[in-house]
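Colleague: Okay, sequence plus prediction incoming.
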Amino acid sequence: MENEKINSKILKSNYIPTAEFYSQIIDSLQDYSIFTLDNEFVINSWSSGSTKIFGYEPDEIIGQHFDVIFTEEDIQNGIPQTEIQAALVEGRATDNRWHICKDRSIFYAYGLVFPLTGIDGEMLGYVKILRDLTERKKSEDAIKKYVKELEDLNTHKENVLAIVSHDLRSPLSGIIGTAEYLKTNLDRLESTKAKEMLDLLHKTAVDELNMLDNLVEWARIKYASEVFSPAKIELFDYAQKVFESLHDAAALNSVNLRNEIGPNISVFADGKMLLSVFQNIISNAIKHSLPGGEIIVLAKIEAEKVLIQIKDSGIGMSKDVQSKLFTPQMSTLSKARKDNKGAGIGLLLVKGFLEKNDGEIWVESVEGIGSSFYFTLPLEEPLHKIDSVDKIEFDERV
């Protein structure tokens, strides 16, 4: 019995795993992509896990350059070369990023790359290991989105209450006060004075109704996101619809409207929200334009986005007003409404709609010369992407 134990130990110490043994282990790891590169960064081996994750069969991928698994954005930013350089300097390089499959779908993965050296220390190439973390990434993003929505919900609730209590209540008090004065003194007032007060009442009431409509619409999109229905939209047609609806208001102020959006420029957005965005910005531009001025709408494609510009030759805005224009603060709304003819909550509505459609908005303006509102919208249905600063710490125990 003692001799058998000794022989067993000798056998164990002398056993050397074969290359076939390691190959079987690698191919059994179906949740991992493991492949090698030569010194020219060309793929020269491909595990069955790699086929499962990327969709390429070995004879389809072997001989292709390392870049084939990276997104266009990462290739343009030199990420593949940066990975290799870091592996050479530090002995290994790790990252979390999106990769491209054979069918052009994307997945999020933890990646590890390290140099492969021979027995005599000669450089043979590199080993790349990837683990698919797409579902984990989606779960983390869903949690982040939920937390952000809760924070926004609380902020919006406070803003709505502030607007209702101040920006709606105060003018209504003025309307009531003016109406009571007219009721009491109508017989003693000159007809011209009474007409002036009635005109003021009518204008104030219309402004309040418009603001209330904006507030309801803003609340609707914030609290009822299920109405969101994005689709492919021809941009020229939507701008033209708004121009037609605002034609009389523009003509009254002798303002010329020019739609210079080129043909076949489309965006992926919710149609009703896009109309509201155009309506708010262009109607504000008409209010701020001088007689004989013009408002121009232009658009151009930049990368995967469409950049829209609405340019007017109106009174412009100070830097202070510009910096607070899209800030959802009650005091800002009140000041914007007082100084800029009611352009407060409407622009908050615009900002919310654009963010819902994966877009953004900003303004450039010079006092006495005019303003340009710029906003972006996706050219196609956007793929979910991660910011370069938003990294996942990979837990190797998982």
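Modeller: Arrived safely, thanks for sending. Numbers count the residues shown, from 1 in each chain.
Colleague: need the helix or strand of this structure with the lowest average pLDDT.
Modeller: In the chain, no helix or strand scores lower on mean pLDDT, DSSP states H and E than helix 330-339, which sits at a mean of 44.
Colleague: Kindly provide the whole-number mean pLDDT of the helix or strand just after that one.
Modeller: Next along the chain after helix 330-339, taking DSSP states H and E as the criterion, comes helix 345-356. For helix 345-356, the mean pLDDT works out to 81.
Colleague: Summarise which helices and strands the next helix or strand after helix 345-356 is packed against.
Modeller: The helix or strand immediately downstream of helix 345-356 is strand 361-366, counting by DSSP H and E. Helices and strands touching strand 361-366, by 3 or more Cβ pairs under 8 Å, 6 or more residues apart in numbering; DSSP states H and E, are helix 345-356, strand 370-378. To be clear about C-beta, it is placed using only N, CA and C from the backbone, and glycine gets the same treatment.
Colleague: Include distance to residue 175 when you put these into TSV, please.
Modeller: Compiled in TSV, the helices and strands packed on strand 361-366 are given as follows (distance: least, Cβ to Cβ, whole Å):
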stretch	distance to residue 175
helix 345-356	18
strand 370-378	31
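Colleague: Compare those and give me the one nearest residue 266.
Modeller: strand 370-378 (9.6 Å; Cβ to Cβ).
Colleague: Report the buried residues of that closest one.
Modeller: The neighbour-count check on strand 370-378 (16 or more other Cβ atoms under 10 Å) flags 370, 371, 372, 373, 375, 376, 377, 378 as buried.
Colleague: Same question for stretch 88-97.
Modeller: Applying 16+ other Cβ under 10 Å to stretch 88-97 flags 93, 95, 96, 97 as buried.
Colleague: Let's see the helix or strand harbouring residue 248 as PDB, backbone CA atoms only.
Modeller: Following DSSP H and E, one finds residue 248 within helix 247-252. What follows is helix 247-252, C-alpha atoms only, in PDB (Å, rounded to 0.1, in the frame of the first residue of the first chain):
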ATOM      1  CA  HIS A 247     -47.800  82.400 -40.400                       C
ATOM      2  CA  ASP A 248     -50.400  84.900 -39.200                       C
ATOM      3  CA  ALA A 249     -48.400  85.800 -36.100                       C
ATOM      4  CA  ALA A 250     -45.200  86.300 -38.100                       C
ATOM      5  CA  ALA A 251     -47.100  88.400 -40.700                       C
ATOM      6  CA  LEU A 252     -48.500  90.600 -38.000                       C
END
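Colleague: Give me the residues contacting that helix.
Modeller: Here helix 247-252 makes contact (Cβ atoms under 8 Å, 6 or more residues apart in numbering) with 243, 256, 257, 283, 286, 295.
Colleague: Can you list the low-confidence ranges for the stretch 201-350 of the chain?
Modeller: Scanning the stretch 201-350 of the chain for pLDDT under 70 picks out the ranges 213-227, 327-345.
Colleague: Which residue ranges of it form strands?
Modeller: Ranges of strands in the stretch 201-350 of the chain, per DSSP state E, counting those that start in this stretch, are 230-234, 256-259, 266-270, 294-302, 305-312.
Colleague: Any chance of those strands in TSV with mean neighbour count as columns?
Modeller: Listed next are the strands of the stretch 201-350 of the chain as TSV, based on neighbours: other Cβ atoms under 10 Å:
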stretch	mean neighbour count
strand 230-234	15
strand 256-259	16
strand 266-270	21
strand 294-302	17
strand 305-312	21
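Colleague: export the ones you listed to TSV and tack on distance to residue 130?
Modeller: TSV is the format used below for these (distance: least, Cβ to Cβ, whole Å):
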stretch	distance to residue 130
strand 230-234	32
strand 256-259	48
strand 266-270	30
strand 294-302	31
strand 305-312	29
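Colleague: could you pull out the helices for the stretch 101-250 of the chain?
Modeller: Taking DSSP state H, counting those that start in this stretch, the helices of the stretch 101-250 of the chain run over residues 134-162, 169-185, 191-223, 235-245, 247-252.
Colleague: Quick check: the gap between residue 317 and residue 351.
Modeller: From residue 317 across to residue 351, the span is 16 Å (Cβ to Cβ, to the nearest Å).
Colleague: Ok, residue 243 next?
Modeller: Separation of residue 243 from residue 351 (Cβ to Cβ): 22 Å.
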